[in-house]
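Novice: with the input below, show me the fold.
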Amino acid sequence: MSLNVFQNPDEAIKALADFFVKCANEAINDHQQFFVALSGGNSPKKLHQLLASDTYKNQIDWTKVIFFFGDERYVPHNHPDSNYLMAKETLLDPLNIADEQVFKIDTSLDPASAAQDYARCICKHFKEEAIFDLIILGMGDDAHTASIFPHTPLVWINEELVKEVYLEDKKVYRISMTVRLINQAKNVAFLTFGETKAPALKAVLEGERDVAQYPSQLIKPKNGTLNWFVDKAAAGLLKKNSAF
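Specialist: Presented below is the predicted three-dimensional model:
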């Protein structure tokens, strides 16, 4: 595991953008395509905007990037809560990414069928095991990642690659990559910043193992790298010798 701590969120985002470029170019040189899974929520917006900026957009051959999503809210693709819509507006459209390079979760299906359909979609792009070149993740204040929330069935799923989950407190469904699929990736990168994330980050990195309470503890790529990009506020409760 690599823990990278920066003075502020902008520095963490820039470092992740640099890592994205590195992973992309290595993958394209190796097998002519870059398979990446994007994260939802608000944290990746500035990352997307930076990647689409004049500084970064010419550092990657975007015609060889294949986009997937780590999770999705069970809403139409034009809904304000859609992870796909956020990525479309902040990254895909600004870079003029072709539709055939973007694989979104089909939320017109029922949740279980949407999960099964997405798993099939992923598998057909890989010759054998589904191994992404990069999966980008965020972490919630409750230590959830993707849509693997504390004390939900997704914590324990180890067969399926994609699974639906009903969040009782929110009364909504989500569809998410599972721990198994995430941990197959060559590179996994967490982007986490802000003081509200500090207790969760300390629990995940330094606390006793309790995956039901802190699902982000489950993310440990079996043959890949795990990289945290965090700011000083999020790392504020960590032992000084582990973060600085």
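
Novice: next, the buried residues of the helix of greatest length in the chain.
Specialist: Using DSSP state H to define each element, the chain has its longest helix at helix 9-31. Within helix 9-31, the residues scored as buried using 16 or more other CB atoms under 10 Å are 9, 11-17, 19-20, 23-24, 27-28. From N, CA and C alone the C-beta is placed, and that goes for glycine too.

Novice: in a markdown table, list the residues you listed along with pLDDT and distance to Glu168.
Specialist: Shown next, in a markdown table, are the buried residues of helix 9-31 (pLDDT from 0 to 100; distance: CB to CB, whole Å):
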| residue | pLDDT | distance to Glu168 |
| --- | --- | --- |
| Pro9 | 97 | 31 |
| Glu11 | 98 | 38 |
| Ala12 | 98 | 33 |
| Ile13 | 98 | 33 |
| Lys14 | 98 | 38 |
| Ala15 | 98 | 37 |
| Leu16 | 98 | 32 |
| Ala17 | 98 | 36 |
| Phe19 | 98 | 36 |
| Phe20 | 98 | 35 |
| Cys23 | 98 | 36 |
| Ala24 | 98 | 38 |
| Ala27 | 98 | 39 |
| Ile28 | 98 | 42 |
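
Novice: in CSV, list the residues you listed along with distance to Asn42.
Specialist: Output for the buried residues of helix 9-31, formatted as CSV (distance: CB to CB, whole Å):
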residue, distance to Asn42
Pro9, 11
Glu11, 18
Ala12, 14
Ile13, 12
Lys14, 17
Ala15, 19
Leu16, 15
Ala17, 17
Phe19, 20
Phe20, 18
Cys23, 23
Ala24, 23
Ala27, 27
Ile28, 29
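
Novice: helices and strands around the helix or strand just after the longest helix of the chain, which ones?
Specialist: As assigned by DSSP states H and E, the chain's next helix or strand after helix 9-31 is strand 34-38. Other helices and strands packing on strand 34-38, by 3 or more CB pairs under 8 Å, 6 or more residues apart in numbering; DSSP states H and E, are helix 9-31, strand 65-69, strand 134-138.
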